[in-house]
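**Student:** sequence below, structure please.
(one chain, ligands or ions: 1)
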Amino acid sequence: MTEPTGLGMSKVARILMVEDDEDDYILTSDSLEQLDSYQFDIHWVTNPKVAVEKLSQEEFDICLLDFQLGAQSGLDVLRQAIKLGCMTPIIMLTGQDDDNLDKLAQDAGAVDYINKEDISTGRFARAIRYALARNEVASERLERLKAETQNRSKDRFLAHLSHELRTPLTSILGYTELLLQGEKAKESRSELNIILSNGKHLLSLLNDVLDLSKIAADKLELNPSEINLDSFIADVFYLLQINAQDKGLSLVITAPHALPERIRADSTRLRQILINLSYNAIKFTDHGQVAIKLWTEWVEQKELLFFEVADTGIGIPAERLASIFKPFEQVEDIVTRKEGGAGLGLAICTELARRMGGELSVESELGKGSRFRFAIEPGDISDVPRSELHFVKADTNQDNEQYDPLQGRVLVVDDAPDIRQLVQKICDGFGLQVVTAENGLQAVQMCNESLSLDTPFTLVLMDIHMPVLGGRQAIAQIREAGFTAPVIALTAAALKGVKRSLMDIGFSDVLHKPINKKALYQCMSMHLAAQESGEQIDEVEPHILLVEDDVDAAEVSKLLLESLGAKVTLAFTGAECLAVLQSSLPVCKILLDLHLPDTDGLSLAAQIRTISPELEIVVVSGAQIEASQLSALNISRSLLKPLNLSTLQSLID
Ligand code: ADP
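**Tutor:** All right, here's what the predicted structure looks like:
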């Protein structure tokens, strides 16, 4: 090992001296020792062959090479060493001043040429310093290059690893979901559920480990974009609500004052932190509530957006508060604990929050509950209008779209007052008359009454999860009573994939929460028009072109999409994909895997754009893709493998 440098110690430079004259060796060594700021570790060889060998081993910082080595010329040593790829700077020493020899030496690759008479002068010292400095720069550059190459290959490795693991998981999870849907699953349902939950766990572990390694390699990049805060929070709310309901917990999201309507941040990562903290809150709470609070606050002349997730759960012992933010740290021993999880979530959230502008902190009292808090920089929000949270999903395309008025009397059934009010307002806006009910029982009674008065509702919008009487039981009773008008189910996002089962029990259609005004209008106007003309509505079956080279993954995604009512055509290569597009087959959407045998997905997307500039392309890949690459090709969505039923359902909606 070399001595540490820069601590008042002089550097150690290793010198190979190729010299057949002992006097000259001593003279040169003495001169070297006069040089301060360096210590020299001198290896002396006299034999040209040994010299070439040593030089090819690259162990020296400089070589001083005598021009005349007995019968042999130092030039030969120089030439052979260079031929073997020697990078050590070589200085030729000679007994005579000769411009011609100087030139020969330089041409053969020597960095300098010095007359032995100059060995005790400044000229020699300068030559040595120069050669050493040059060597240092070269080796620093080499180290940097090496590190860069390693980083690049690590990136490639991670991207490949991610792809290679996700593709088989697509088949495992996909076929399990398919089997669970079918009749055959009856006997092995519990085993299939075990495979599904373990597969999902494996996937979340894979995501966490990839995130952590990106963080460790300093490769985690944020992709900030504009976020509609209300619709963002609505999405998160509906996702979490189901888990909270399953445990009998109430979930509330509040904002003590109006919030900026738009912020600028990485929505995927912000969602990841919020969902992680909220899932933990739900996981570690058996009674009470999980409350999410948002507010803005000025900190050091910046207006930050704060998030807080508070629960009434088991709490965390004071001595463990710091350690839970470290990877693989959990309060309870993995052997004794009943909750799942690997202990990576908070470590990732801490880093994500730090990069988004604030620190993740926690307060907790054992047995009473915990309160996690973090802040993000929301971009410049000084001129952004502020408003209350409404939990409405934004219409992504046209915000101020005009809707032709609809006619009819609509019953809106939902237990959440906010949602009831919201749907009522939207329907009012469409020109409809609206009556509301708080649960299935009220809805059944009101439908019966409307029938007996001979003024049946023209349409019903009904929530599925409700106290007293749920939507599934209510529809059965409503239909039994002879109510034939359309009843549209409103269901939360994570319950996607149940469209068919809801339609089988009597619903006319299914809409997903968060409510999208445009989708609600389209659905209602279609059913109202059909009812007026007495037509049956044919479900529109989308034609999706699925481009995926892995046969298993392609097959299972096709089956899953078909189980959701879509028509699917497969293409295994870029060429096949282009051929389908040029055929007469009507394609409404392309699902494009990025790893293809004959082309990379993004180049293929560029080619598709020349054939179909407006066709919706959804990119599917094993690793995250930069938003700028996608927007350049007018690609609105990218999905991470594996694709499951609920992601695929969101493509069809
Ligand atoms: P995981 O939940 O997968 O174990 P996390 O990193 O998200 O991993 O959390 C680490 C540990 O912190 C958890 O195992 C749990 O012991 C503790 N913890 C996190 N959130 C809460 C909470 N809301 N209430 C009680 N304990 C919590």
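
**Student:** which pLDDT value goes with P378?
**Tutor:** pLDDT recorded at P378 is 95.

**Student:** which ones are touching it?
**Tutor:** By CB atoms under 8 Å, 6 or more residues apart in numbering, the contact set of P378 is P260, I263, R264, A265, T296, E303, L304, L305. Using the backbone N, CA and C atoms, a C-beta is placed for each residue, glycine as well.

**Student:** secondary structure element holding the third one?
**Tutor:** Right, R264. strand 262-265 (DSSP states H and E).

**Student:** what's the average pLDDT for that strand?
**Tutor:** On average, strand 262-265 scores 94.

**Student:** what's the helix or strand just after it in contact with?
**Tutor:** Using DSSP H and E, the helix or strand that follows strand 262-265 in sequence is helix 267-283. Here helix 267-283 makes contact (CB under 8 Å, 6+ apart) with 222-223, 225, 227, 232, 235-236, 239-240, 243-244, 247, 249, 251, 290, 292, 307, 309-311, 313, 339, 341, 345-346, 348-349, 352-353, 355-356, 360, 370, 372, 374, 376, 624.

**Student:** got the buried residues for helix 267-283?
**Tutor:** Buried residues in helix 267-283, counted by 16 or more other CB atoms under 10 Å: 267, 269-283.

**Student:** ok, then the element right after it?
**Tutor:** Next along the chain after helix 267-283, taking DSSP H and E as the criterion, comes strand 289-299.

**Student:** what's the angle from that following strand to helix 267-283?
**Tutor:** Using axes from the mean of the first three to the mean of the last three CA atoms, to 10 degrees, the inter-axis angle of strand 289-299 relative to helix 267-283 is 140 degrees.

**Student:** what strands line up against the helix or strand just after strand 289-299, and which way round?
**Tutor:** With elements assigned by DSSP H and E, the helix or strand that comes after strand 289-299 is strand 302-311. Partner strands and pairing direction for strand 302-311 (DSSP bridges) are strand 289-299 (antiparallel), strand 369-376 (antiparallel).

**Student:** closest to E53 out of those?
**Tutor:** Closest to E53 of these, according to CB to CB: strand 369-376, at 61.2 Å.

**Student:** the closest one near the ligand anywhere?
**Tutor:** Yes - judged by CB under 6 Å from any ligand atom, strand 369-376 comes into contact with the ligand through S370.

**Student:** show me what that strand is in contact with.
**Tutor:** Contacts of strand 369-376 (CB under 8 Å, 6+ apart): 263, 265, 270, 273, 277, 280-281, 284-285, 288, 297, 299, 304-313, 315-316, 349, 353, 356-364.

**Student:** separate out the buried members of those residues.
**Tutor:** 263, 265, 270, 273, 277, 280-281, 284-285, 304-305, 307-313, 315-316, 349, 353, 356-358, 360, 362, 364.

**Student:** ok, and of the residues you listed, which contact the ligand?
**Tutor:** Under the cut-off given by CB under 6 Å from any ligand atom, the ligand has N280, A281, F284, D311, G313, I316 from the buried ones among the contacts of strand 369-376 close to it.

**Student:** take the contacts of helix 267-283 and keep only those in strands.
**Tutor:** The members of the contacts of helix 267-283 that map onto strands under DSSP state E are 225, 227, 251, 290, 292, 307, 309-311, 370, 372, 374, 376.

**Student:** and the residues you listed, which is closest to Q522?
**Tutor:** Checking these against Q522 with CB to CB, the nearest one is I227 at 24.9 Å.

**Student:** does the closest one touch A265 like I think?
**Tutor:** Yes - with contact defined as CB atoms under 8 Å, I227 reaches A265; the gap is 5.9 Å.

**Student:** pick out the residue of the stretch 1-150 of the chain closest to the ligand.
**Tutor:** Residue of the stretch 1-150 of the chain nearest the ligand, by CB to the nearest ligand atom: Q150 (29.0 Å).

**Student:** and that residue, what helix or strand is that in?
**Tutor:** Secondary structure assigned from DSSP H and E places Q150 in helix 122-181.

**Student:** show me what from the stretch 251-400 of the chain comes close to the ligand.
**Tutor:** With the criterion set to CB under 6 Å from any ligand atom, the stretch 251-400 of the chain comes near the ligand through 276, 280-281, 284, 311, 313-314, 316, 324, 330-332, 341-347, 370.

**Student:** which stretches of the stretch 301-450 of the chain form helices?
**Tutor:** Remark: helices assigned in the stretch 301-450 of the chain by DSSP state H, counting those that start in this stretch are 345-356, 417-429, 440-452.

**Student:** which other helices and strands contact the second one?
**Tutor:** When contacts are defined as 3 or more CB pairs under 8 Å, 6 or more residues apart in numbering; DSSP states H and E, helix 417-429 sits against strand 409-413, strand 433-437, strand 459-463, helix 517-533.

**Student:** likewise the shortest one?
**Tutor:** Applying 3+ CB pairs under 8 Å, 6+ apart, we find helix 345-356 packed against helix 189-216, helix 267-283, strand 369-376.

**Student:** switch the cut-off to 10 Å
**Tutor:** Secondary-structure packing of helix 345-356 (3 or more CB pairs under 10 Å, 6 or more residues apart in numbering; DSSP states H and E): helix 189-216, helix 267-283, strand 302-311, strand 361-365, strand 369-376.

**Student:** worst average pLDDT in those?
**Tutor:** Of all these, helix 189-216 has the smallest average pLDDT, which comes to a mean of 80.

**Student:** mind listing what's buried in that one?
**Tutor:** 192, 195-196, 199, 203, 206-215.

**Student:** identify the contacts common to I227 and A265.
**Tutor:** Common contact partners of I227 and A265 (CB atoms under 10 Å, 6 or more residues apart in numbering): R271, P378, G379.

**Student:** and which of those residues is nearest to the ligand?
**Tutor:** Among these, R271 lies closest to the ligand (CB to the nearest ligand atom), at 15.3 Å.

**Student:** show me the beta-bridge partners of the nearest residue to A127 once chain neighbours are set aside.
**Tutor:** In space, A127 comes closest to D112 once its chain neighbours are excluded; the distance is 4.7 Å by CB to CB, 6 or more residues apart in numbering. Beta-bridge partners recorded for D112 (DSSP bridges): I91.

**Student:** residue contacts, D112?
**Tutor:** Taking CB under 10 Å, 6+ apart, we find D112 in contact with 62, 64, 89-93, 102, 105-106, 123-124, 126-128, 130-131, 134.

**Student:** next, count neighbours for L179.
**Tutor:** L179 sits with 16 neighbouring residues when counted by other CB atoms under 10 Å.

**Student:** wait, I meant E562
**Tutor:** When counting by other CB under 10 Å, one arrives at 14 neighbours for E562.

**Student:** angle of the helix or strand containing it against helix 122-181?
**Tutor:** Assessed by DSSP H and E, E562 sits inside helix 551-563. Put simply, helix 551-563 runs at 40 degrees to helix 122-181, going by the same axes, to 10 degrees.

**Student:** can you give me the mean pLDDT across helix 551-563?
**Tutor:** Summarised as a single mean, pLDDT over helix 551-563 is 86.
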